[in-house]
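S.K.: Generate a structure from the sequence data that follows.
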Amino acid sequence: MELEFSGEVVEWRGPAPYCFVPLPLDAADLVNEVKAEVVYWGVVPVRARICDTEFTTAMFPREETWFLPVKVAVRRAEGIGLGDVVDVRLQVGR
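M.R.: This next block holds a predicted model:
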């Protein structure tokens, strides 16, 4: 499954601060429909692209949606900061 959406980069503080892009609720609903086929340890593996940078990661369920982690290397390569709105292309699954 492939999804495209725009979202704001937000911070979520656990033991250390991390940056995420929360999925819009309609995109989260689509992920929920297929999560049983791809989920492991409670996360959904994805291949994502923001601007020119493609990366793999795993989304976490939070606040009734899924949070896409945005790695430091991606943020540096694309000059992304907290509060920026980014366009995301996402492929769900391995």
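S.K.: Paired strands for the longest strand anywhere in the chain, with orientation please.
M.R.: Identified as the longest strand of the chain according to DSSP state E is strand 53-62. Pairing partners of strand 53-62, with direction, according to DSSP bridges: strand 44-50 (antiparallel), strand 65-69 (antiparallel).
S.K.: Give me the contacts around the last one.
M.R.: Okay, so that is strand 65-69. 7, 12, 18-25, 27-28, 31, 44, 46, 48, 57-61, 88, 90 (Cβ atoms under 8 Å, 6 or more residues apart in numbering). The way it works is simple: take the backbone N, C-alpha and C, and place the C-beta from them, glycine included.
S.K.: again with the longest one
M.R.: Counting by Cβ under 8 Å, 6+ apart, strand 44-50 makes contact with 21, 31, 35, 38, 54-59, 66, 68, 70, 74, 78, 80, 86-94, all of which sit outside it.
S.K.: which of those count as buried?
M.R.: 21, 31, 35, 38, 57-59, 66, 68, 70, 74, 80, 86, 88, 90, 92 (16 or more other Cβ atoms under 10 Å).
S.K.: Looking at these, which is nearest residue 2?
M.R.: The nearest member of those to residue 2, counting by Cβ to Cβ, is residue 90 at 6.8 Å.
S.K.: Give me the sheet partners of the helix-or-strand element of the chain with minimal mean pLDDT and which way each runs.
M.R.: Scoring the helices and strands of the chain by mean pLDDT, DSSP states H and E places strand 10-13 at the bottom, with a mean of 86. Strand pairing for strand 10-13, using DSSP bridges, gives strand 17-22 (antiparallel).
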